[in-house]
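Asker: just a sequence and a predicted model for now, questions to come.
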Amino acid sequence: MSDIQLFRLSGVGIACELPGRAVAVEKHLQNLIEAEMETFLGVRFIATEYTTGKTHKGRIDSLGLDENGCPVIIEYKRHSNENVINQGLFYLDWLLDHQAEFRWLVMEKLGKDAADQIEWSGTRLLCIAADFTRYDQHAVQLIQRNIELIRYKLFGDDLLLLELVNVVSVADTSATAKSVDSVVDKPASLSKDKTWQEQLAQAPSEIAGLFEQTTSYLHSLGDDVQEKPLKLYLAFRRLKNFASVVVQSKRLQLYLKLNPDSVELIEDFSRDVRAIGHWGTGDLELSLRTQADLERAKALIERSYQEN
């Protein structure tokens with residue numbers, strides 16, 4: 001069980017513990033998450049109770065597309081003794097084998113641009129339950145899929161806690177699945193951009209060293225930090241992205257999920273990119289060229305980590 005306790009402070013020396021509880025009906029939790037999916041999880045809602053056809057005979061609780069363009073399956077359970085992980089894996093295999101169908105769903109819901117930029121290598125399974133057993137947590141470590149266990153608890157009528165219990169991240173979950181490339185051509189523009197790995201390999205040693213220092217610092221912020229390599233940038237997230245790293249020949253571009261209006265912008269170091277297209281997620285761009293730039297950025301990086 002979760003050891004998190006929540007208290008309401010009503011005055012000096014007066015504290016009242018709020019009892020946590022699970023939902024009485026699983027569908028209530030699903031409706032709650034789906035209504036604010038992007039706020040809670042950084043995932044854009046695609047479909048609910050999606051049927052997987054007469055042969056497969058399944059029904060996926062929620063389908064979405066995360067902020068990195070990765071497909072997401074979400075399964076909900078009220079109790080820890082319900083086998084949500086196996087069920088989710090069953091649907092994950094179906095999704096990776098029906099990429100064209102999912103692409104059309106994304107196109108209908110979010111448009112062609114979103115459908116063209118789906119990152120199948122990062123397909124995720126989110127299991128949300130009131131609790132998980134130690135056997136669940138051990139099992140996901142042995143399964144080479146992107147699986148996240150999220151514990152929830154309701155406090156009173158207006159507070160919801162989401163706690164990342166365990167996460168497994170692998171480089172490419174689509175390697176064993178049939179590629180959608182044979183069904184739908186990807187836009188030519190995507191193939192012209194160098195990957196962040198290619199950019200890093202060609203970068204000066206100073207930038208390569210700065211990259212190692214920056215990513216090491218991002219990982220040091222907490223045990224819940226996940227690193228997700230995408231084609232054009234490296235994302236760092238908890239439940240949602242809090243930082244994205246883009247490698248260029250003379251600098252690193254670091255994008256943070258902070259409101260630029262809350263930051264004192266400095267020329268040649270920080271800028272508001274809300275109206276400027278860029279790779280990665282976040283409205284605040286920091287340009288890192290030296291170790292001194294990284295030191296100056298650390299307070300903002302930690303703030304983005306705390307707020308997301």
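Answerer: The structure has been received and is ready for your questions.
Asker: correct me, but Leu96 touches Trp120?
Answerer: Yes: in terms of Cβ atoms under 8 Å, Leu96 counts as a neighbour of Trp120; the distance is 7.3 Å. Placement of C-beta: from N, CA and C, glycine included.
Asker: where does this structure dip in pLDDT?
Answerer: Counting by pLDDT under 70, the ranges of the chain that qualify are 1-3, 78-82, 171-191.
Asker: listing partners with orientation, what would you give for the helix or strand where Leu286 lies?
Answerer: Mapping Leu286 onto the secondary structure by DSSP states H and E places it in strand 284-288. Take DSSP bridges as the rule and strand 284-288 pairs in its sheet with strand 252-256 (antiparallel), strand 270-272 (antiparallel).
Asker: need the winner for burial among those strands.
Answerer: Most buried of those by mean neighbour count (mean count of other Cβ atoms under 10 Å) is strand 252-256; its value is a mean of 25.
Asker: off-centre distance for that strand?
Answerer: Taking Cα atoms, centre = their mean, to the nearest Å, one finds strand 252-256 lying 17 Å from the centre of the chain it belongs to.
Asker: check stretch 49-64 too.
Answerer: On the basis of Cα atoms, centre = their mean, stretch 49-64 sits 22 Å off its chain's mean C-alpha point.
Asker: nearest residue to the residue nearest the centre of the chain in space, please, no chain neighbours.
Answerer: Residue closest to the average C-alpha location in the chain (Cα atoms, centre = their mean): Lys240, at 4.5 Å. Ranked by Cβ to Cβ, 6 or more residues apart in numbering and with sequence neighbours excluded, the top spatial neighbour of Lys240 is Gly42, at 3.3 Å.
Asker: surely that neighbour meets Gly69?
Answerer: No: using Cβ under 8 Å, Gly42 makes no contact with Gly69, being 11.6 Å away.
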